[in-house]
Every structure is written in C-alpha cells, then in structure tokens.
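Student: Quick one, fold the following:
(chains A and B)
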Amino acid sequence: MPGVLIVEDDKELREMLKLSLLRKNYTVFEAENGKAAITHFKPQITDLVVTDLIMPEEDGLKVVIKLKEIKPSLKIIAISGGGKVGPGSYLNLAKALGADAIYSKPFSINELISKIEQLMDTEQHN
Amino acid sequence: MKRKLEISDENEYLKFLTKEKDISDQIINHSRSMITIINRDYIYEKVNSTFCNAHQLVLDTILGKSLGDFWGHDTFQNVIKRNVDICFSGKTVQYEATFITPTLGKRHFEVVFRPLTIEPGKITHLLAETFDIDELKNSKQAVIQKEEELRKFESNLPIGFLRCNPEGKILHANRAFLAIADCKDEQSITEMNLKNFYLDAELFELQMDQLTESHTRNFGMVNLKNSAGKEIPCRISGFLAVNGSGSPAYIDFAVEDCSRELMLENRLLQAQKLETIGSLAGGIAHDFNNILATISGYSEMLHDDLPKNSDMSEKVGKIQMAVKKAQSITNQILTFSRHVEQEKVLINVAEVLKETIGFVKSSIPSNIVLKSRITKMNVDVLADPTQLFRVFLNLMTNAIQSMEENGGVLTVGIDVVEREFVQHELNKDIVADEYALLMFKDTGEGMDPSLIGRIFEPFFTTREVGKGTGLGLSVIHGIITEMEGEIVVSSKKEKGSVFSVYLPVSKTYSDVTTKKGSRNKILFITGNKYESRILSLALESAGYELIFVSDGKNFARVMNNISERADLVIYMSDSKQIKPEDLAGIFRSENIVTPCILITDPMQDVSEEKLLNSGIINQQLTKPVSLKEIRNAIQELLR
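Tutor: Numbering: from 1, shown residues only, chains lettered A, B, ... in the order given. I've put the predicted structure just below:
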C-alpha cells in the first residue's frame, strides 16, 4: 500500500489522521514538525504527504518546497487552520509552491481520504 | 532761626549781598534742573548754568533773547506761549514736552511754570523749571510694556490661570480658565468662588489647608464641574503668596484641562488592547481549528461506523454541524487579527457608499427611514473596495438592528474634512491633508457610555446571548486601521449612536490604477449584484473587462461565443442560479478549460469541497476576500 507521511504538530489531530489512514490500509509515517519531516523523509517508501502549514521549527511551506525538490513525483496535501495572515492565504501560497490539494481546518476527513485515493490513482496510472 | 543783620557800613552790606547772591547763584546753577526766569515780554531774564550747558550756549547769548527767538516761532506759538500766559494769570503750569538739546539729544522733560511776584501785587515774571524725566519715563514705559507682555502671555497660555483671595474668591482669571469654567468674561467669574467649581467641596478645603502649610503644592488630577455642569478632569497646582506680616495674601492656581489628554490616552490604550487581543485571538483561532479538525475527523469516522439513519448517527451529524458553526467563527477571528498589508486601489468612496446604500435599501424594514446625505460625489481614497463595502454594510446593518423594534431614521452621509479637524478629533498620525468622513447615524437603542470603549473588542456584543458573535465591529476596526483610518463612536442610551469613519483622501494614483491591463475578460457568476459591483469597481480600475451572469444558460452561451469568451471565471458560492454541483457539470459538458476561481462564504452552509476537488477550480478564496487576494489569484491564473 502507498506510504503516507503526516506532518502535524497537534498530537490529537495527527493521531486522528493516522487512524483514518490506517483504516484504509495505508502505511503511515508521522512527523511532529517540518524539520523532523525533512530530516527523516524516506523518498522510496513515501508516496504522499499531508502537512500542516504553521508549525514550530520548519513550517509546512518549507516541507512542500524541500520534499518536492527531493522527490518531484511526491503528492502533497496542505492543511491549515489559518494564522496571523488570515484564513486561506497560507494555503494559497502552498498551492502556488506545488501542493496538489489544499484544505482548511476543520476539513472533512472523508473528502481528504478520497482526495488521497484520487491522487494515488493518477500516480499508479502514470 | 532768623539771622540778625547788623549793617555798619555800606561796603559791608554790599559784600554781604554779593556773598548771598553768590550762594544762591551756586544753588541755582548746581541744580540738575534747567531754571530760567522769564518776564512778561517773553524774554529770558535769568538762566542757570544747567540750561546753558544743555544748550551749549554762553549765558550772554541767551539773556535778553525772547522765547520765540530761542525755541522757534511755531513751538512758541503752539506750545509755550499758551502755558506761559496761563502762568501769568496766576496759576502754576506743569506739562511734559520732548525736545532736543545739543548735549543730551532728544529727551523727555517735565516743564513747570510758577508765577513770580517781584513787584508787590503784580505777577511780573515766571520761574521756569525743566526736569529731565527721560529715564523715569522710559522705565515707566518699560514697566507698562512688561506688564502688557505678561498680560498677553498669561491670557494666551493654554493652561488656565487664576488668582483668588485666601477664601477662594476669584480675583482674576485668564482666557483658558474661562474656557474651562465655561464663563463668558472675566467679570462674570470674579464674583464666584473657586470652591464652587470643585466637584468635591471638601477636597477644596483640604487643598487650601495644604497650601497654607506648604505654600506651593501640586494637587495632581482633580475633577472640576464647570458652570454648564460638565465634569472636567484638571491637573491643578497652587501657590500661596503671603504679605509682609506673613499671613496669606492671595493664591495663584494653574489649572490644566486634561479631558482631551485622558480621552486620547484612553483611545491609545484601547488600540493597544485591540492589537493584543488580535494577535492572541489569531493564535487561539489557529489552535482551535486544529481541535475542530480532530473533532470533525473522529465524528466522521464514527458516522461511517454507525448504521445509517440510526439515532446515534443523527447525533454525530449534529456534532458535525456544530463544528461547521465553530469554524465560521474562527474564520472571523482570523480576519480580525489579520494585519497583512492589503492591496489598495484609488477608489471613489462615495460610489462604494452609494452601492452599499442601494444594497441595504432593498431589504430595509418599513418602519425605518434611510436618509442619505452624499454632498461630495468624488472622494478618492486608497482602499480595498470589497473591504469598504463590508465596513459600510456592517455599520448600516448594526444601525438597522438597533432600530428594528421601534423604528427610526438611519442617516448616512459623506463629507470631506481638513487635517486640522482630524488632528483634533483623532489620536493618530495625520497622513493626508483631507479626510473622508463617513457618518452612520441611527435613532436606535444607543449604548451605555461605559460600553463604548469596548465595542471594538472581539466577542463584545450588546445583543442578547445567541444573537451574533460580536465579531463584526472588531473586524471593521481591523479593516479601517489597515487603511490608516479611524472609526469613532458616540452614543446616548435610548437616543442612538453615530459611527464616524475617517479615511485619508488620496490625491496620488496608485500603480495599480495607472497600469491598464491587457483588458482580460473576467466572467462573474454571482447572486449578489451589489457586492460584485464593488469588486468590479476595483478590477475595472485595474484594467479588466467584466461580464456578469447569474444563470447557467447565459454562462454556457457566453463561454461558447468566441468573441465573448472570458479568460477567467470567478464563481461566488452565493449564486443561487448555478449551484456548485451544477458548475462542474457545465464545465465538463461544454468542454470549458477556462481557469476558475471559487469564492466561498464561510457563513453559508454550502458544501463546495466537492467542487473544489473536482479539478475545475484552480484557486479557492474565502470571504471576506481582499482585493490583494483576488488580484494575486487572477494574475497567477492569467500569467
């Protein structure tokens, strides 16, 4: 099954995402901030990344740029709860930097999962 | 003691007389005054050395000369003769004159003519004495001038100054104090006692006692009440002067009106507080969205695990609805706390106001009258018109809500005011010579004065619990602050409120306005013509051509017509005619590949996420969308 990396500093949310992906039989990796995600990234076994944007250490935008650089075929979904700059703006930036889909928190987990499935489908077709 | 003279021989007598004359001559000649004796023919019969020296003439050249010859015919006729004649009638004459002498130059003199009776019963001569009073006169004048300067200084002092007797009765007060006391002139105040202006009479007595003890005292802030009954916070200090015997003579007070200072200080505090709350709220909203995402995720999983249409799954559905509601609130908080620089265009604020009035008019309750006073038709400000629309709409909606029950009048107006006026009204760096002043006045419920300072705080509301989140005004405050403007409110309970919005008038054209684009066509799908008009005002000024459609048929027609085909589609989720799910269908069935921007409204319960992930949406923006956001999105997609 495809490997999904979850980058999220909020522990409960990370566990929720992990549980929902495990239910769909994905292989799940976790990172609690951008720095850990970049340092421990395993390109061979990671097909998709779900990353938060505002995090301590390196933020999610850095994750999008760095990981796409390491593995251009990697799919990235950015999720954000907004920040000082207002709802949505960081997400647009993430999209501009190469994120394949963006969701503002709170999002529908089912929609996120189906988006992941859709992205993984196109991946297999390519 | 009388001297007894014994005249034994004529020679002795002559000697004696000569000696006596010598003594009197010396007295006369050593006098600092010019002394002369003039006869009835206006001729100098005697002059002293002081006179000769002053005029640098020898005695013989003066004696026998007439006053007319000496002083000149005109001076004699016009000044001297008249006074001399009065003197010969038996009166002493005294007057001041200015004349030039070779040794002293031009100086002031006092001239005294005294009648002399040398022959019995007849005034035959007069004694003229001329004193140099120049220095005296000059120093007197200097004193008068100093006094005048002091008086002016005191009168123009911006700080109130007054003098009262030891009992507090006012003896004198300057203009600034008259203004504080609200008295017309000094006369009306001099009958009053300073004590009457104290809100707390006991405090006055206490301060008088303190002054008696220490003579100079700074009393700090004291609340005075003026003759109009208005309470004025003043900074007061006093100085007690004593007379020769050491008892109090009078007391001087300096009284500074601090109401404006306090008001500005208050407003600054308020602004700082709002900023703190803003960044705090932004952080909270972010964390809150994380929590909501967790709740939402688990409830969805739970929903999937539970049998469909079961009692339990219905309850989970309610959790999900609550999450949606909470999300819309966190979104608004994020808007309040946003301090990102907006992209501003030169926009006629009067036009935006007119559009907003048009929008409101269509839904105004029948018991409320809307009056618009738009005296200025062209007032350009640098602003994001969509934000302006939000501000005006929100202020008008608030006003209407405050009059919903009893009806009333909503007056909306725009005017232009000078910087001096603004400087006085606002605690801000003045950035423009003129400001647009927009007024929203209602005759509704009004507010308690204690609440006015808090209404721009997020979550503050005067409405009953459950009606509104109280975020509106805090968001407005954030937007106006971004525009370097200011919003102030005055309100009276049961009378109504006035919200005044100040925006700096701009005379320079922004880069955006002058840069006419390639006239790319943008197609708007929207259900709200007023709001999209506002957006279009800005986009048109940025060089885009705009087409509006409200239903699917027209949309398909426009997109199929090559000459009309738009380069970009903006879909606003408030469109009733084309539902989000229909849009994807039209795109697919008509083979439309035009880039599309989706603008969603977090307050509306429309699910756009399917549309969002259907592949036709290139960019998604959430209302309130700023001009910068939409322009960035358009530019990126049309690149």
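Student: use CA for all of it now, contacts and neighbours both
Tutor: OK.
Student: What strand or helix carries whatever residue of the stretch 151-300 of chain B ends up closest to chain A?
Tutor: Nearest residue of the stretch 151-300 of chain B to chain A (CA to the nearest CA) works out as B:Ala293 at 3.9 Å. Secondary structure assigned from DSSP states H and E places B:Ala293 in helix B:259-305.
Student: and if you look at B:Ala254?
Tutor: Per DSSP H and E, the secondary structure element for B:Ala254 is strand B:248-257.
Student: The residue of the stretch 151-300 of chain B closest to chain A: what's it in contact with?
Tutor: Counting by CA atoms under 8 Å, 6 or more residues apart in numbering or on different chains, B:Ala293 touches A:Leu13, A:Lys105, A:Pro106, A:Phe107.
Student: Let's have those residues in TSV, adding secondary structure.
Tutor: Putting the contacts of B:Ala293 into TSV (DSSP: H, G, I helix; E, B strand; the rest coil) gives the following:
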residue	secondary structure
A:Leu13	helix
A:Lys105	coil
A:Pro106	coil
A:Phe107	coil
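Student: of these, list those near chain B.
Tutor: Restricting the contacts of B:Ala293 to those near chain B by CA under 8 Å from any CA of the partner chain leaves A:Leu13, A:Lys105, A:Pro106, A:Phe107.
Student: ok, of the residues you listed, which one's closest to B:Phe99?
Tutor: Using CA to CA, A:Lys105 is the member of the ones next to chain B among the contacts of B:Ala293 that lies nearest B:Phe99, at 98.8 Å.
Student: Quick check, that closest one in contact with A:Leu91.
Tutor: No. With contact defined as CA atoms under 8 Å, A:Lys105 does not count as touching A:Leu91 (10.6 Å).
Student: more crowded one of those two?
Tutor: Neighbour count, other CA atoms under 10 Å in any protein chain shown: between A:Lys105 and A:Leu91, A:Leu91 has more, with 28 against 24.
Student: and that one, helix, strand or coil?
Tutor: Per three-state DSSP, the secondary structure class of A:Leu91 is helix.
Student: sorry, back to before: only whichever of the ones next to chain B among the contacts of B:Ala293 are buried, select them in ChimeraX.
Tutor: Of these, the buried ones go into a single ChimeraX selection, burial set by 16 or more other CA atoms under 10 Å in any protein chain shown:
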select /A:13,105,106,107
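Student: ok, so of the ones next to chain B among the contacts of B:Ala293, who is nearest chain B?
Tutor: A:Pro106 (3.9 Å).
Student: Hmm, that closest one is touching B:Asn290, no?
Tutor: Yes. A:Pro106 is within contact range of B:Asn290, at 6.8 Å (criterion: CA under 8 Å).
Student: what's A:Leu5 in contact with, if anything?
Tutor: Counting by CA under 8 Å, 6+ apart, A:Leu5 makes contact with A:Val28, A:Phe29, A:Glu30, A:Ala31, A:Thr46, A:Leu48, A:Val49, A:Val50, A:Thr51.
Student: quick one: which helix or strand includes the spatially most central residue of chain B?
Tutor: Computing the C-alpha centroid of chain B and ranking residues by CA atoms, centre = their mean puts B:His424 first, at 0.6 Å. Here B:His424 sits within helix B:419-425, counting by DSSP H and E.
Student: Who are the packing partners of that helix?
Tutor: For helix B:419-425, the contact count by 3 or more CA pairs under 8 Å, 6 or more residues apart in numbering or on different chains; DSSP states H and E identifies strand B:434-441 as packing neighbours.
Student: contact partners of stretch B:106-123?
Tutor: B:83-84, B:87-100, B:124-134, B:137.
Student: and if we set it to 7 Å?
Tutor: B:87-88, B:90-100, B:124-134 (CA atoms under 7 Å, 6 or more residues apart in numbering or on different chains).
Student: on that earlier part again, just put the ones next to chain B among the contacts of B:Ala293 in JSON lines and tack on pLDDT.
Tutor: Formatted as JSON lines, the ones next to chain B among the contacts of B:Ala293 follow (pLDDT from 0 to 100):
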{"residue": "A:Leu13", "pLDDT": "93"}
{"residue": "A:Lys105", "pLDDT": "85"}
{"residue": "A:Pro106", "pLDDT": "85"}
{"residue": "A:Phe107", "pLDDT": "88"}
